[in-house]
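Asks: Sequence and predicted structure below; questions after.
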Amino acid sequence: MTLYKNFKSKEQLIVATLQDEDRKFRQWLTASVEAGSLRPEDRIEQLFQALHRRFGAEGYYGCAFIRASIEFPDLQHPIHRAAKAHKEMIRSYLRGLALESGSSNHAVLAEQLYILVEGAIVAAQIYGEPWPAQYASQAARSLVFATLSTP
């Protein structure tokens with residue numbers, strides 16, 4: 001009953017929970033990636049190392065935002081929109097890293113990195129192991145190198 005005094009519906013509670021998780025993830029992301037990394041290419045590597053640690057941490061059960069978007073597939077549903085807003089934040093962050101990297105095609109690189117991040121998240125959730133971040137990291141290194149080497 002206490003929950004319904006603060007939230008009018010279960011959906012409002014879920015949206016508030018997702019917004020709180022988004023805030024915590026943003027803090028974790030910037031702290032994990034920006035700490036100790038001066039060059040943008042190093043921050044991209046740091047991202048995947050941080051994901052590896054996160055995937056291997058006690059209590060990691062996957063992405064609440066992916067699960068929420070699956071449970072509420074209507075693109076206009078407030079829960080789906082909250083999940084999408086979180087994913088857009090990640091895409092935006094990756095756009096910044098790709099732009100700073102000096103990549104010859106930073107917009108494409110950012111989207112490729114995003115797909116690697118999301119794929120690693122899903123695979124880690126399915127297998128319950130952190131190894132997908134290592135393979136995603138290797139692919140990211142290849143992509144970054146290729147776009148830095150291309151005139």
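Replies: Perfect, thanks for sending it.
Asks: which secondary structure element contains the spatially most central residue of the chain?
Replies: Among the residues of the chain, Ile90 comes closest to the average C-alpha position under C-alpha atoms, centre = their mean, at 5.0 Å. Following DSSP states H and E, the helix or strand that holds Ile90 is helix 78-100.
Asks: Following element in sequence after that helix, please.
Replies: Next along the chain after helix 78-100, taking DSSP H and E as the criterion, comes helix 106-127.
Asks: Mind checking the pLDDT average for that next one?
Replies: Confidence over helix 106-127 (mean pLDDT, whole number) is 97.
Asks: Going by neighbour count, list what's buried in the helix or strand following it.
Replies: Sequence-wise, the next helix or strand beyond helix 106-127 is helix 131-149, with elements assigned using DSSP H and E. Of the residues in helix 131-149, those scored as buried under the neighbour-count criterion (16 or more other C-beta atoms under 10 Å) are Pro132, Ala133, Ala136, Ser137, Ala139, Ala140, Leu143, Val144, Thr147. For the C-beta atoms, the positions are set from N, CA and C on the backbone; glycine is no exception.
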